[in-house]
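Visitor: what follows is a protein structure lacking sequence information:
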């Protein structure tokens, strides 16, 4: 069993739709939970991070963590064509300043006009 | 603030040849990572440096891969000899705070 599982998609939605992206994990030691966005032929860029169960909102994006179920989600409201990208969940174990990230496989999102 | 720089952006080599990638992290970032991203997969950590010391290289195939970070700034990753399965994007990332990693654009390697 992989430590982090993510549905690879692809996911196609119309502009303005609410998008839900999800990951499950098996390692209880993960401390930080992140979502990265990766455009084609670019490196991943950090969208959001959180370290506690609950919701964290940033503009049109909401990150949700449920540690009891080992489940994290990213919601995108009012999706735009510019949101078309691959979304990677990532989880980390941090010791001092040394942090090891484990990524999901990524979900490819296409927002259509 | 300048981002993480990587070169070359693309490289095509034949199997059994050698190749090297270069990374310049964000100024002041002590921690540097090399990841391998195979098409359709998430990045997989190869090696982590703290300044010029190795913190974690448990997933680095040491029979063919090597990496160094002299003077705690730039880093190079080398593959010798390359295999077909090494075809991937090699990403460099740096960080000040561990979980908040900043990635470069990557080097796309094709081994034929």
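Guide: That came through, no problem. Since we're looking at a predicted model, the values are computed, not measured.

Visitor: enumerate every residue touching the spatially most central residue of chain B.
Guide: Closest residue to the average C-alpha location of chain B: residue B:34 at 3.2 Å, with Cα atoms, centre = their mean. Contacts for residue B:34 were tallied using Cβ atoms under 8 Å, 6 or more residues apart in numbering or on different chains; they are B:23, B:45, B:46, B:47, B:67, B:75, B:77, B:90, B:91, B:92. For every residue, glycine as well, the C-beta is placed using N, CA and C.

Visitor: do the same with residue A:29
Guide: If you count contacts by Cβ under 8 Å, 6+ apart, then residue A:29 has residue A:93 around it.

Visitor: kindly provide the distance from it to chain B.
Guide: 14 Å (Cβ to the nearest Cβ, to the nearest Å).

Visitor: give me the distance between stretch B:30-40 and the centre of its chain.
Guide: When distances are taken as Cα atoms, centre = their mean, to the nearest Å, stretch B:30-40 is centred 6 Å away from the chain's centroid.

Visitor: around chain B, pick out the residues from chain A.
Guide: A:4, A:6, A:8, A:31-32, A:34, A:36, A:41-46, A:49, A:88, A:90, A:92, A:94, A:97-106 (Cβ under 8 Å from any Cβ of the partner chain).

Visitor: list buried residues within those residues.
Guide: Burial by neighbour count, judged by 16 or more other Cβ atoms under 10 Å in any protein chain shown, picks out A:4, A:6, A:32, A:34, A:36, A:43-44, A:46, A:49, A:88, A:90, A:92, A:94, A:98-106 from the residues of chain A next to chain B.

Visitor: what residues are up against residue 31?
Guide: Just going to use chain A. When contacts are counted by Cβ under 8 Å, 6+ apart, residue A:31 touches A:51, A:92, A:93, A:94, B:99.

Visitor: hmm, I had chain B in mind actually
Guide: Residue B:31 makes contact with A:97, A:98, A:99, B:48, B:49, B:50, B:55, B:94, B:95, B:96, B:98, according to Cβ under 8 Å, 6+ apart.
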